[in-house]
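K.L.:
Need the 3D shape of this:
(2 chains)
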Amino acid sequence: MRHPALLDAALARRLGAQAGGHGDHGHAHGGHADHGHAHDDAGHSGHDEHAAVEPGIGGLAYPVAVLAMLVSFVLSLAAVVKLGSLGEHAVSFESPVWHWIDTGVFSIDISMVIDRLSSVMVLIITGVGLLIHVYSGGYMKGDPGYAKFFAYLNLFVFAMLMLVLSSSLLGLFVGWEGVGLCSYLLIGFWYEKGWPAEAGQKAFVMNRIGDASFLIGSFLLVHLFGTLDLSDIAGSLAEKLAANPGMQLELFFAGLCLFGGACGKSAQIPLFTWLPDAMAGPTPVSALIHAATMVTAGVYLVVRLNPLFAANPNLLFLIGTVGALTAFVAGTTALVQRDIKKVLAYSTVSQLGYMFLALGTGAFSSAIFHLATHAFFKALLFLGAGSVIHGMHHEQDMHKMGNLRKYMPQTFLTFLVGAAALSGLPLLSGFFSKDEILGHVYAQGGGYYVLWGIGILTAAMTAFYTWRMVALTFFGPERFDKKHFQPHESPLSMTLPLLLLAALAILGGALSFPPVFEHFVRVEYLRDWLAPVTDAGTRLLEEHAGAHELEHTTEWILLGLGALIALGFAHTAFHRFKSGIATDEATFQRSPLRARFLFEAWGIDKAYTLLVVQPVRVLALMIAAVVDGTLIDGFVNGAAQAALSSAARVRTMASGRIATYGLWMGAVTALIAILLVWNR
Amino acid sequence: MDSLTLLVFLPLLGALVVAFTPREAVALQRGITLATLLAVCFIGLQVCLDFDGSSAAYQHVVDIPWFALPSGGGSSVPVHFRLGIDGLSVLMIGLTALLGPIVMLSTWGHITTRVKEFMVWLLIMQSGMLGVFLALDLVLFYVFWEITLVPLYFMLGIWGGERRLYATIKFFLYTLAGSLVMMVGVILLIYQLKTADVAKLTEYASSLDSTRQTWIFWAFALAFLIKVPAMPFHTWLPDAHTEAPTSGSVILAGVLLKMGTYGLLRFCIAMFPAAAIQAAPIMMVLGAAGIVYGAFLAMAQFDVKRLVACSSVSHLGYVLMGLFAFTQAGLRGGVLQMVNHGLSTGLLFLLIGMIYERRHTRMLDQYGGIASVMPLFALFFTLAVLSSVGLPGLNGFVGEYLILLGSFQSQPWIAGVAVTGVIFGAIYLLMATRKLLYGPLVHAENKRLSDLNLREVGLMVPIVVLCFWIGFAPNTFLSRTDASIDALVKRMQETRVALAAGAHAPSTAALPTEPDRR
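P.N.:
Numbers count the residues shown, from 1 in each chain, chains lettered A, B, ... in the order given. Coordinates of the predicted model:
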């Protein structure tokens, strides 16, 4: 396996070839292209003639794409305002588009429905999406695939909206696969380099494993409900279950299969290994697709069908366990990464784990709360990292950074906000959403205490790796070669989205303040807003598990504990790493095996290669060579040989022409057949 | 002359005209062929548009007495020239008619020697294929079935690749073996029931005793399974595809293989429902095994054309499984997937032909990175691959989903195995895509490759349009199969009930004569 740092260096070189493209001149022509080649010390001349960008209609891509997003965002706002004005009784409205597939028994329709849950999703998708589109104009400037990039990005937003707005599970699946396709195309966007294309393929195939599971889940739902309409299923489930308790087991498997799909899309154990590789894509893609929106589709799916999951406490506990373990494993891996994007990637996997942990307690609105705040602060962090990479002329290795706060102050300040939110420093958005989840887990008691423990440990690690990243990137000695280049702040098109996202990362907590704040502000706003969607599941849950509410004292203690842990570990990490990379080197020297184990995400990816990928490859070759080539064809060739040689003995008939043999065989068989019939 | 007769005879007439042109007049031969196939395409699509999907009856029926087969004892079985179209065949007529001119246009690039002969064979092939789907007389069906063997035999043998002799003999022996067994079945059936009329046979065949039904069922089924080809009768296909010229491969994948699945539907299932129900688990297992096995075969290939050929084994496994699920969704999906496979695999073979003409190799390791020099090729290839892996919004998904859903309803465990096909399909197709299109341009020859020209793009556009159309609005196509499939599903259910009740089969129809004369 190639060393990740090497891969990133390769990416840096590949981008270096286009470095002449940005700055004051839009396009890398002539001398500028040559300047770009100066960074390109790898000597790969293969694609360089393509690095020159043809000016022309492609330049329109940016304004068109941004305008489309803007209109989409405005329309989303309007739809949500309208939804809000409908009041408590009408909680959704629907616009049918067309009858898609008539299965002969039931019809699958494409219909867009917006309700309390999808309203939150569309605002995140179009809002964060708009900011990332604006940002991309600066980041991708000068890339030969500029127009293609925006085409893919807009296609992604379409698919993602389709996913959250579809009224049927299969319509959702259209979006589900559509975002997967865009993810594949955008991960492999710089396909000339080979490995991004491999990463894209890996993402697609691993998602397909989840999709196969998803499909089986959908068949089970058809079997149980005779429809794929999401609101019909969610609405009638409790009633059907009460009438027929025997369907519990089938419901369990349906939920399990759909959760399998969610594991693929939302990068949970055992299907998470594609997401770190997906960082091969351009950084805005990582921000939009692989942090803020697509990877949360699995969370959305579970909340959308919450009664299905709530109907079975064991299934919920399983989901919570998977979430907690994923959060933990990914958190430990993020501790030792050197590539700034890899830290954020594993952090994303870890935070998604928190969301599934929340789902596992039946705290559906808490999962959506964390989904929203995470979308804000993780998009901010990714875009900030992108700004750093951009300003550092495509360096991603934090060991080659340092003291960047001096060169890019706006990026630095906004990144600080994102880091504070991610690590759960008090009063920022991530603090509230993470605390809400951990509070719910604690309240469940029993086996959930273990999950709570894992969650707290992960919170400590989160604070640690986040502030290690901040310290290594923005503080300490400058570890880059200043003779070669000067780090610079990014253009306004990139810093403006950072500022707006920073505001959201600070204020996002207002969506749902904890109940103990009730004396000061309106609390749990998001929970009330989502109640029409989540009530069905919550009621089912209360039927067999009872309600779990924390006492205010316990809640204050948990809040304080969370704040202390975040502050403590953030402080420790910052002080260890603000002076440079000595601590990192010491870690790797002290126990290289452990560091390597963590660095490679517990070796899970390697194990898959060894235990699954290679055996499948060998099996395929064996099937082709042995079963097909030797067994079946051996029989066929032998039979043909025998027929031909026996025919050869009958000299008069052996003209050596296949047609003659055919004729003879035909005639003889026909004769036999006719005789048979005659003699009956 | 009515349209169905025209459909069958117009290409033959064209072949006759081409045969009398001077050998050197290549442009004229191509012109006549293209004009004929365009006319056939137009008539064929018109027939499909006019087709009334709400009726299960045969439409546009042509019925002309042809000859009488003596059947001993002074009696005889009349054989008619009888054509007709119903919900089971309508989509195949459309597909066959549509692919005709497309295949013809693709020959411009690779058929440069003995053009006249090729055009004659191409036209005869078109007659034969349309005849197979239109024939409503068992003898006539068999005649058309055998006619289609000959043109492909010559296409492979004359215009094929290096190992064409081996491939041709293998193809011929395999299909001949199937044909002969089927002939025994045809003869047995006709003499038992004293008729060759498909409609009457369908009505009376279930009155035969169950042992005979089973034997005749398998006689037909073997021929059709070889043609499909279902695992383990598939090994002729990769060789035939690898050696065939592009146009031959497109016909083979696009239409010829569907004669097998169509035959299973029209003859095995519809005529012998009781035997079909007993055979269904075996057939569905063969289908699911084909899906997985074909995918593994495809994963092991280094030759991209052979890879796509192996993928056909996998994709037709879906059709086989769906048809034998006997559910609404399964049958609809099966019928639709026949079209889908013709479109997406046809498209893949066309595209592979196009780079082969430029680069004269099909080895994946000779490519890489050609997306930068051939962006249009990359676009079409990606679309074809996505359609083939069953991405929603394109045709393949609708067929696959219906098949898997329908199969799950009748045999959940078999369908559960088959679902893994969506994973394996993505593995080999995306691997091929990556090796062809992505990565650095390492081979100097590839840097000079020219992108697709207008003819090449133009001939693929109708297929791409259909891929999206079926993907977004499959009901245009499914609705035409409604009544026929409803009737078939109902019949299968009745048979199942009757079987469960201990009776052999519902013998609702009385026989015109005593079936067993002994």
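
K.L.:
Identify the residues contacting the residue lying closest to A:Leu404 once chain neighbours are set aside.
P.N.:
Nearest non-adjacent residue to A:Leu404, counting by Cβ to Cβ, 6 or more residues apart in numbering or on different chains: A:Phe474, 5.0 Å away. C-beta coordinates here come from the backbone N, C-alpha and C atoms, glycine included. By Cβ atoms under 8 Å, 6 or more residues apart in numbering or on different chains, the residues touching A:Phe474 are A:Met401, A:Gly402, A:Asn403, A:Leu404, A:Arg405, A:Phe412, A:Phe415, A:Leu416.

K.L.:
Quick check: phi and psi on the residue in the stretch 351-500 of chain B positioned nearest to chain A?
P.N.:
Taking Cβ to the nearest Cβ, chain A has its nearest neighbour within the stretch 351-500 of chain B at B:Tyr438, 3.6 Å off. Backbone geometry at B:Tyr438, expressed as degrees, to the nearest 10, gives phi -100, psi 180.

K.L.:
For B:Phe302, see how far away it is.
P.N.:
Distance from B:Tyr438 to B:Phe302, counting by Cβ to Cβ, to the nearest Å: 17 Å.

K.L.:
So for the two, which sits in the more crowded spot?
P.N.:
Using other Cβ atoms under 10 Å in any protein chain shown, the more surrounded residue of B:Tyr438 and B:Phe302 is B:Tyr438, with 27 against 13.

K.L.:
Run through the strands of the chain in chain order.
P.N.:
The chain I'm using is chain A. A:92-102, A:107-115 (DSSP state E).

K.L.:
Oops, wrong one, chain B.
P.N.:
Along chain B, the segments classed as strands by DSSP E run B:59-70, B:76-85.

K.L.:
Name the residues of the last one that come out as buried.
P.N.:
By that I understand strand B:76-85. B:Val77, B:Val79, B:His80, B:Phe81, B:Arg82, B:Leu83, B:Gly84, B:Ile85 (16 or more other Cβ atoms under 10 Å in any protein chain shown).

K.L.:
give me every residue that touches the first one.
P.N.:
With contact taken as Cβ under 8 Å, 6+ apart, B:Val77 is in contact with B:Ala68, B:Leu69, B:Ser71, B:Ile190, B:Tyr191, B:Lys194, B:Thr195, B:Ala196.

K.L.:
ok, now how distant is the fifth one from A:Thr583?
P.N.:
Applying Cβ to Cβ, one obtains 91 Å for the distance of B:Tyr191 from A:Thr583.

K.L.:
Nearest spatial neighbour of whatever residue of the stretch 101-250 of chain A ends up closest to chain B, chain-adjacent residues omitted?
P.N.:
Of all residues in the stretch 101-250 of chain A, A:Gly104 sits closest to chain B, at 3.0 Å by Cβ to the nearest Cβ. Closest residue to A:Gly104 apart from its sequence neighbours, by Cβ to Cβ, 6+ apart: B:Gln328 at 3.0 Å.

K.L.:
correct me, but the one you found touches A:Ile101?
P.N.:
No. Applying Cβ atoms under 8 Å as the test, B:Gln328 and A:Ile101 come out as separate, 11.6 Å apart.

K.L.:
between those two, which one's more packed in?
P.N.:
Between B:Gln328 and A:Ile101, A:Ile101 has the larger neighbour count (other Cβ under 10 Å), namely 26 against 22.

K.L.:
Tell me what the more buried one is bridged to.
P.N.:
For A:Ile101, the beta-bridge partners are A:Ile108 (DSSP bridges).

K.L.:
isn't it right next to B:Ala473, touching?
P.N.:
No. With contact defined as Cβ under 8 Å, A:Ile101 does not count as touching B:Ala473 (9.3 Å).

K.L.:
gap between B:Leu386 and B:Leu297?
P.N.:
21 Å.

K.L.:
Sorry, slip of the keys, the one I care about is B:Thr33.
P.N.:
35 Å.

K.L.:
Kindly report the same for A:Phe432.
P.N.:
A:Phe432 is 55 Å from B:Leu297, by Cβ to Cβ.

K.L.:
same question, A:Asp584
P.N.:
48 Å.

K.L.:
How about B:Ala223?
P.N.:
23 Å.

K.L.:
Buried residues in stretch B:404-423, which are they?
P.N.:
So for stretch B:404-423, counting by 16+ other Cβ under 10 Å, buried means B:404-411, B:414-423.

K.L.:
Which one's more surrounded, B:Tyr191 and A:Thr583?
P.N.:
More crowded of B:Tyr191 and A:Thr583, by other Cβ under 10 Å: B:Tyr191, with 21 against 17.

K.L.:
surely the more buried one meets B:Pro70?
P.N.:
No. Between B:Tyr191 and B:Pro70 there is no contact under Cβ under 8 Å: 10.3 Å.

K.L.:
ok, back up a step: now, which of the contacts of A:Phe474 lie within helices?
P.N.:
A:Phe412, A:Phe415, A:Leu416 (DSSP state H).

K.L.:
hang on, isn't the second one packed against A:Lys378?
P.N.:
No. The pair A:Phe415 and A:Lys378 fails to qualify as a contact (Cβ under 8 Å) at a distance of 11.9 Å.

K.L.:
Please work out the residue of chain B nearest to chain A and name it.
P.N.:
For chain B, Cβ to the nearest Cβ, closest residue to chain A: B:Gln328, 3.0 Å.

K.L.:
What are the buried residues along stretch B:24-35?
P.N.:
Of the residues in stretch B:24-35, those buried (16+ other Cβ under 10 Å) are B:Gln29, B:Arg30, B:Ile32, B:Thr33, B:Leu34.

K.L.:
what pLDDT does the residue nearest to A:Leu404 get?
P.N.:
Per-residue confidence at A:Phe474 stands at 93 (pLDDT).

K.L.:
Likewise for B:Phe171?
P.N.:
86.

K.L.:
For it, which residues are in contact?
P.N.:
So B:Phe171 contacts B:Leu152, B:Tyr153, B:Leu156, B:Trp236, B:Asp239, B:Ala240 (Cβ under 8 Å, 6+ apart).

K.L.:
any chance of these in a markdown table, with distance to B:Leu391, pLDDT and neighbour count too?
P.N.:
Listed next are the contacts of B:Phe171 as a markdown table, based on distance: Cβ to Cβ, whole Å; pLDDT from 0 to 100; neighbours: other Cβ atoms under 10 Å in any protein chain shown:
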| residue | distance to B:Leu391 | pLDDT | neighbour count |
| --- | --- | --- | --- |
| B:Leu152 | 31 | 88 | 22 |
| B:Tyr153 | 36 | 86 | 20 |
| B:Leu156 | 33 | 87 | 27 |
| B:Trp236 | 30 | 90 | 22 |
| B:Asp239 | 30 | 90 | 24 |
| B:Ala240 | 28 | 91 | 27 |
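
K.L.:
These also near chain A: which ones?
P.N.:
With Cβ under 8 Å from any Cβ of the partner chain as the criterion, those include B:Trp236 near chain A.

K.L.:
Compile the contacts of B:Phe171 into TSV and extend it with columns for distance to A:Gly142.
P.N.:
Shown next, in TSV, are these (distance: Cβ to Cβ, whole Å):
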residue	distance to A:Gly142
B:Leu152	53
B:Tyr153	57
B:Leu156	51
B:Trp236	53
B:Asp239	49
B:Ala240	49
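
K.L.:
List the ones among the contacts of B:Phe171 that fall in helices.
P.N.:
Cross-referencing these against helices under DSSP H gives B:Leu152, B:Tyr153, B:Leu156, B:Trp236, B:Asp239, B:Ala240.

K.L.:
Give me the more crowded residue out of A:Asp584 and B:Leu297.
P.N.:
B:Leu297 (27 against 18).

K.L.:
and the more buried one, what pLDDT?
P.N.:
pLDDT for B:Leu297: 93.

K.L.:
That one and A:Ala620 touch, don't they?
P.N.:
Yes. Using Cβ under 8 Å, B:Leu297 is in contact with A:Ala620, at 7.3 Å.

K.L.:
which intervals of the chain have sub-threshold pLDDT?
P.N.:
Since no chain was named, I'll use chain A. A:1-57, A:89, A:547, A:643-680 (pLDDT under 70).

K.L.:
switch to chain B, that's the one I care about
P.N.:
Short version for chain B, where the test is pLDDT under 70: B:1, B:72-73, B:503-518.
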